[in-house]
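K.L.:
Sequence plus the predicted model coming up.
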Amino acid sequence: MLDYILAGLEMAASWQSILMIALGLLSGIVIGAIPGMTADIGIILCLPLTYAMDPIPAMMLLLGIYCGGTYGGSITAILINTPGTPANAATTLDGYPMTLQGKSLKALQMALYSSFFGGIVSALICLFAAPAIARVAQTFGPPEYFCITFFGLSIIASISGDNIIKGIMGGVIGIFIALIGQDSVSGVIRFAFGNRKLAGGIPLLAVLVGLFALAELLSRSNYDPKNDPARKAKIKISQERVTWKEIKQCFRAWVVSSVIGTVVGATPGTGGGIAAFISYDQAKKMSKHGDNFGKGEIEGVAASEAANNATTGSTLIPLMTLGIPGDGCTAILIGAFMLQGMIPGPALFRDHPGTLYGIMLGLLFVNVLMLVFGLALTPLYSNISRIPYELMSALIIVYCIAGVYSNEGSTFHVLLAACIGVASFLLRKLGFSVVPIILGVVLGDLVETNFRNSMILSGGSLSIFVTRPFSLLFLLLALVSIGSFFYKSIKKHVKGTAPEQK
Amino acid sequence: MKIKLNSNMVTGAIFLVISVILHVLIPSQIKTYETGSMTAATVPTLLIRILLACSVILLAQGLLSKDKKEYYISTALFQKESLKRLKPAIYIAMLLAYAVLMPRIGFIIASLLLANGILAYFGTRKWWFYLIASANVFLAYFAFRAINVTLP
């Protein structure tokens, strides 16, 4: 292990990796700080640039955007009461009241220190936990792989919103998209409609750009520049800084929130937003100043920001060891691994151990550099929300399309991405979430191949999935995941009808 | 004419039609000569049947729900206020036209038209926005050339 750590350290500390981390962070913080823009879009925009790179600098660029985007969202959450990303929603509760009290710099600094703390804790846990899980996972065969991917798909239940049927349909659509083209087992062409260009399947980048970037731009096509509150807001940063006393006061909140964020992040189907609210609630209960929460309490900012950044490292644990994406952003990162020729899952640690250690150690550098950039550039970043959206929209669309074309040099793929974008926009209008669709796309081929191989192994008997301990464990986890959704729904329903019965 | 609809009814109906069509198309779209219980058609067939079942459930949910919006189909649909709601259709048309035209007129001309078209769509009057957008089209072209990708 020490050999891998040293080899990984050498790769992560190369000038190319550091340069990519810097570029990723700078652009990630900008993207995160623009309300309505998320790290997802930033990663998709930069994916084509990573083709020509080695895996570690490529992943450093994308992880820089991921971590920078999660932190960057706190800037507008604190200054103009508009979270840049959903993960920063809890930060507005105390961050904005602090701005109103003339303590904006203090809040911004606390958000930065907390993000750094949470990010480092999470990266360290990822570094030591992931290889241990991967060692166990390397003994898995097709039935276990199938049950893992089934468990991955079961998180659709927790991310479907109010209607699980639409979530299931989204997952099915995603798997169906993944199956179009030549079947990897029999070589039979499926649903190509006689089009030779479809026989190779629908490229992942076209799906990602269409589903996330183009659909997001279309969703905001009703944007009115004259009535954008973010551009009208007057941003003035105070000079009052965080004191040592406040850092000591917040230390307990940092530790507890980082642990909560790491555990929540490692649980598929959750995310930074949930982690931030759970940690905020815990910090409020544990703090001596609990009554001041929601009125500009610095511990509130510390708890939510430590927690949401603590998810950034731990979401990589199920991704790298089991191939399960925890949310939309990590589903895109799975795509990035695939484009680099690495298939996330149990075999990844066996086939590319040095690269993975490099990525995990690089995540520590990402967090250190995030602190440096944040300290130096916070006043500059505070004006990001004034960047005109209409201009961003025009630029993003051009770079996205150029990226899709660059993948395989095909204008047909550009047309596919545009069609997927329009379809995704219409599905959003009908109340669908895009995350189940992308989960289906990235897991679809694995689900089918491992299901078929398991059936061949067992001679067509489904009992193979319950007679092997790990496949049974993942099946049970999937059932728990689905069961908890129904439990919550019933509880919510009972709660909603209770006053009527009285 | 007055109709009552909700999103579940619309979604259920649309996907019911799509899944029936896909189910009918399976034999012509997956020509497999495999024998046994697992073939190239097994999983797609299963998926289409799940989609079909979900569509029926969704349609039933929609029909049974009291939460429906009333829509009036009349000439008022073509009045100015109603047409405003169709504004995203212009954006969609621009995007699709761009994807269709790009192989014919090239990346630079198509992107210049699209980027400036988007700015005009949002009613931008600042000329330097158009300049920045146009400059970025050339920047994208040469940036991708630098990584050995020649855009059409």
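P.N.:
Sure thing, it's come through.
K.L.:
Could you use CA atoms for every contact and neighbour count after this?
P.N.:
OK.
K.L.:
Which stretches in chain A count as strands?
P.N.:
Counting by DSSP state E, one finds strands in chain A at the ranges A:181-182, A:189-190.
K.L.:
Who are the packing partners of the first one?
P.N.:
Counting by 3 or more C-alpha pairs under 8 Å, 6 or more residues apart in numbering or on different chains; DSSP states H and E, the packing neighbours recorded for strand A:181-182 are strand A:189-190.
K.L.:
at contact distance from chain B, anything in the strand it packs on?
P.N.:
Yes. Interface with chain B: strand A:189-190 contributes A:189-190 (C-alpha under 8 Å from any C-alpha of the partner chain).
K.L.:
outside of that strand, which residues touch it?
P.N.:
A:179-183, A:199, B:29-31 (C-alpha atoms under 8 Å, 6 or more residues apart in numbering or on different chains).
K.L.:
start to end distance for stretch A:136-148?
P.N.:
13 Å (C-alpha to C-alpha, to the nearest Å).
K.L.:
May I see the buried residues of stretch A:191-211?
P.N.:
Buried residues in stretch A:191-211, defined by neighbour count with 16 or more other C-alpha atoms under 10 Å in any protein chain shown: A:191-192, A:198-199, A:201-211.
K.L.:
Now for the residues you listed: which two are most distant?
P.N.:
A:Phe191 and A:Val209 (21.7 Å; C-alpha to C-alpha).
K.L.:
Can you report how many residues lie near the closest residue to A:Ala253 other than its chain neighbours?
P.N.:
Nearest non-adjacent residue to A:Ala253, counting by C-alpha to C-alpha, 6 or more residues apart in numbering or on different chains: A:Ala303, 5.4 Å away. By other C-alpha atoms under 10 Å in any protein chain shown, 38 other residues sit near A:Ala303.
K.L.:
what do you get for B:Leu58?
P.N.:
24.
K.L.:
what kind of secondary structure is it in?
P.N.:
helix (DSSP: H, G, I helix; E, B strand; the rest coil).
K.L.:
OK, contacts around it?
P.N.:
A:165, B:8-9, B:11-12.
K.L.:
Wait, A:Thr92 touches A:Gly84, no?
P.N.:
No. In this structure, A:Thr92 is not within contact of A:Gly84 by C-alpha atoms under 8 Å, at 10.3 Å.
K.L.:
With neighbour numbers in mind, choose between the two.
P.N.:
More neighbours surround A:Gly84 than the other of A:Thr92 and A:Gly84, with 31 against 26 (other C-alpha under 10 Å).
K.L.:
looking at it, A:Val414 is touching A:Cys400, isn't it?
P.N.:
No. Counting by C-alpha under 8 Å, A:Val414 does not reach A:Cys400; the two are 9.3 Å apart.
K.L.:
Show me where the stretch 251-400 of chain A has its helices.
P.N.:
Along the stretch 251-400 of chain A, the stretches classed as helices by DSSP state H, counting those that start in this stretch are A:272-286, A:298-314, A:316-322, A:328-339, A:346-351, A:353-381, A:389-408.
K.L.:
correction: chain B
P.N.:
B:7-29, B:42-64, B:80-84, B:87-105, B:107-121, B:127-146 (DSSP state H).
K.L.:
Burial-wise, tell me which of these comes out on top.
P.N.:
Of all these, helix B:107-121 carries the top mean neighbour count, a mean of 21, counting by mean count of other C-alpha atoms under 10 Å in any protein chain shown.
K.L.:
Please indicate which of the contacts of strand A:189-190 are buried?
P.N.:
Judged by 16+ other C-alpha under 10 Å, buried ones among the contacts of strand A:189-190: A:179-183, A:199, B:29-30.
K.L.:
Spatially central residue in chain A, please.
P.N.:
The residue lying closest to the centre of chain A (C-alpha atoms, centre = their mean) is A:Cys329, at 2.8 Å.
K.L.:
Surely that one touches A:Ala39?
P.N.:
Yes. If you go by C-alpha under 8 Å, A:Cys329 and A:Ala39 touch, sitting 7.2 Å apart.
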